[in-house]
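[1] All I have is the shape, not the residue letters:
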Ligand SMILES: NC(=O)C1=CN([C@@H]2O[C@H](COP(=O)(O)OP(=O)(O)OC[C@H]3O[C@@H](n4cnc5c(N)ncnc54)[C@H](OP(=O)(O)O)[C@@H]3O)[C@@H](O)[C@H]2O)C=CC1
Ligand SMILES: CC(=O)[C@@H](O)[C@H](O)COP(=O)(O)O
Ligand SMILES: [Mn+2]
């Protein structure tokens, strides 16, 4: 029986993780759940269903609503008031970080954005296996995160990085030549810059193959997600950023590949379903039987690969620049992006501005204020994060 703490339980990865667990109660027990507080009804039903001992809520103001939702849910199930025991509640912005340090076998970090950094570090410090969906914490924390982890302590949930881990089992580290990172290309694959000027958030949300949370879906449309994943791959598997190449594979069946020095390429293929990488992350190094359906080899299928249009989708090369600069540069890249995605969502900037303004912000940071890897601290990362957000918002304001 593996005990699980799930951070970000009400989101896309969070709900799919609980879906994996719900039919395997003999293998997993949920001991803690954390959420932001944006969906207390869903959190309440998860609490009743999985009976965690502790629940963390980032917004203290949502606590009363959660308690009301819990009693309403218990009532709906016909339980008497005395039959229902409230779990211990942790409240506030540090609640998920406190929960990450609880006793358990695996912490799944499925929070979105920078808010995942301190929970990631708390999990590693405690010595617990970290099933990492929150790529942002690794990207912005860089060597602070990898340096805090013992070998194998971080297990990737991200589909491409799970694919790398699976393919890497085919050879020794010194036999690896390159990592081939697949990208769906997003909803705007094949379009020119001119054709992207007026696209709307709703169009950007129409991902061709995956149903995901808002930020990662917009990031897939700009290819910022692939930029974050490039840095994530280099950090997780200790390869040079120039040895991670992106190829566009619109079907999202080949989840990534490893090229070895004899010319062999090993790919991991399965229909796009996050329950496979979530399942293997919960049980790593073993596979979780029947986590998802395999490919259907009885019907015709075509898998295509094409080069990335880096002129139209500049985010990957911008990420490579930030990743090579390392230190606080990836934190600024990520923070500016989070602010710019919000601005795009609110209709204050256009789609192309997301990457164009981010490039300005990163360039300014590299010219002044950049803290190098050797001097990196958590405070420096958080300060760079705050600066990146503020500077991006300022430029948005100047353009309004
Ligand atoms: N969705 C996917 O298929 C994939 C996602 N990922 C990565 O996984 C992470 C999660 O993505 P996704 O599930 O799509 O995102 P969602 O937006 O769907 O979910 C985010 C979750 O985080 C919670 N949350 C937000 N802030 C806090 C906080 N301060 N403390 C605790 N919980 C918080 C939200 O709670 P609430 O809304 O209730 O307030 C919600 O449960 C991201 O880093 C993403 O890049 C990686 C690969 C695939
Ligand atoms: C499912 C997953 O891992 C996402 O990160 C996915 O990769 C997004 O697809 P894109 O390739 O469009 O960014
Ligand atoms: Mn991914």
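    Done, it's in. Since the structure is predicted, the reported quantities are computational estimates derived from the model, not experimental observations. Ligands and ions are numbered 1, 2, ... in the order given.
[2] tell me which parts of the stretch 51-200 of the chain are close to ligand 2?
    Residues of the stretch 51-200 of the chain lying close to ligand 2 by Cβ under 6 Å from any ligand atom are 158, 159, 160, 183, 184, 186. Just so you know, the C-beta spots here come from the backbone N, C-alpha and C atoms, and that holds for glycine as well.
[3] Save those as a markdown table, and put in secondary structure too.
    Shown next, in a markdown table, are these (DSSP: H, G, I helix; E, B strand; the rest coil):
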| residue | secondary structure |
| --- | --- |
| 158 | coil |
| 159 | helix |
| 160 | helix |
| 183 | strand |
| 184 | coil |
| 186 | coil |
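[4] quick one: the helices in the stretch 151-300 of the chain?
    159-168, 201-204, 214-222, 224-237, 275-283 (DSSP state H, counting those that start in this stretch).
[5] In a markdown table: these, plus mean pLDDT, mean neighbour count and distance to ligand 1.
    Shown next, in a markdown table, are those (pLDDT from 0 to 100; neighbours: other Cβ atoms under 10 Å; distance: least, Cβ to the nearest ligand atom, whole Å):
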| stretch | mean pLDDT | mean neighbour count | distance to ligand 1 |
| --- | --- | --- | --- |
| helix 159-168 | 98 | 24 | 6 |
| helix 201-204 | 98 | 15 | 14 |
| helix 214-222 | 98 | 23 | 4 |
| helix 224-237 | 98 | 26 | 7 |
| helix 275-283 | 98 | 24 | 8 |
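[6] Output those in a markdown table; the columns should cover distance to residue 368.
    Conversion of the helices of the stretch 151-300 of the chain to a markdown table gives the following (distance: least, Cβ to Cβ, whole Å):
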| stretch | distance to residue 368 |
| --- | --- |
| helix 159-168 | 33 |
| helix 201-204 | 32 |
| helix 214-222 | 26 |
| helix 224-237 | 22 |
| helix 275-283 | 39 |
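[7] re the thing from before, pull the most distant pair out of the residues of the stretch 51-200 of the chain next to ligand 2.
    158 and 186 (15.9 Å; Cβ to Cβ).
[8] Now the phi/psi pair for the residue of the chain found nearest ligand 3, please.
    Nearest residue of the chain to ligand 3, counting by Cβ to the ion: residue 158, 4.3 Å away. Backbone torsions for residue 158, taken as degrees, to the nearest 10, come to phi -50, psi 130.
[9] Now do the nearest residue to it once chain neighbours are set aside against residue 194, distance only.
    Among residues not flanking residue 158 along the chain, residue 135 sits closest, at 5.5 Å (Cβ to Cβ, 6 or more residues apart in numbering). Going from residue 135 to residue 194 by Cβ to Cβ, to the nearest Å gives 31 Å.
[10] What's the per-residue pLDDT of the residue of the chain closest to ligand 3 here?
    At residue 158, the pLDDT value in this model is 98.
[11] Next, the contact list for it, please.
    By Cβ atoms under 8 Å, 6 or more residues apart in numbering, the contact set of residue 158 is 132, 133, 135, 229, 232, 277.
[12] Nearest to residue 374 among the residues you listed?
    Among these, residue 232 lies closest to residue 374 (Cβ to Cβ), at 21.3 Å.
[13] Which residues of this structure lie near ligand 1?
    In this structure, the chain approaches ligand 1 at residues 7-14, 34-39, 58, 96, 110-112, 115, 133-136, 158, 210, 212-214, 216, 274, judged by Cβ under 6 Å from any ligand atom.
[14] What's the PyMOL syntax to select whichever of these are buried?
    Buried residues within those, by 16 or more other Cβ atoms under 10 Å, are selected in PyMOL with:
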select buried, resi 7+8+9+10+11+12+13+14+34+35+36+37+39+58+96+110+111+112+115+133+134+135+136+158+210+212+213+214+216+274
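[15] from the residues of the chain next to ligand 1, which ones fall inside helices?
    Judged by DSSP state H, helices contain the following of those: 12, 13, 14, 96, 135, 136, 214, 216.
[16] ok, residues contacting stretch 77-95?
    With Cβ under 8 Å, 6+ apart as the criterion, stretch 77-95 contacts 34, 47-48, 51-58, 60, 63, 66-67, 70-71, 74, 98-99, 115, 118.
[17] in it, what counts as buried?
    Buried residues in stretch 77-95, defined by neighbour count with 16+ other Cβ under 10 Å: 87, 90, 91, 95.
[18] tell me the contacts of residue 224?
    Contacts of residue 224 by Cβ under 8 Å, 6+ apart are 218, 315, 319, 337, 354, 355, 358.
[19] Can you report how many residues lie near residue 198?
    When neighbours are defined as other Cβ atoms under 10 Å, residue 198 has 10 of them.
[20] That one reaches residue 353, doesn't it?
    No. Counting by Cβ atoms under 8 Å, residue 198 does not reach residue 353; the two are 11.9 Å apart.
[21] now the strands: where do they sit in the stretch 51-200 of the chain?
    54-57, 88-91, 106-109, 129-132, 154-156, 176-183 (DSSP state E, counting those that start in this stretch).
[22] Residues of the protein that sit close to ligand 3?
    Residues of the chain lying near ligand 3 by Cβ under 5 Å from the ion: 158, 159, 160.
[23] these two touch, right, the second one and residue 278?
    No. If you go by Cβ under 8 Å, residue 159 and residue 278 don't touch, sitting 9.5 Å apart.
[24] Now list whatever residues contact both of these two.
    Joint contacts of residue 159 and residue 278 (Cβ under 8 Å, 6+ apart) do not exist.
[25] Take the contacts of residue 224 and keep only those in helices.
    Counting by DSSP H, the contacts of residue 224 place 218, 315, 319, 337, 354, 355, 358 in helices.
[26] Would you check which pair of those lies furthest apart?
    Within these, 218 and 319 form the most distant pair, 15.2 Å apart (Cβ to Cβ).
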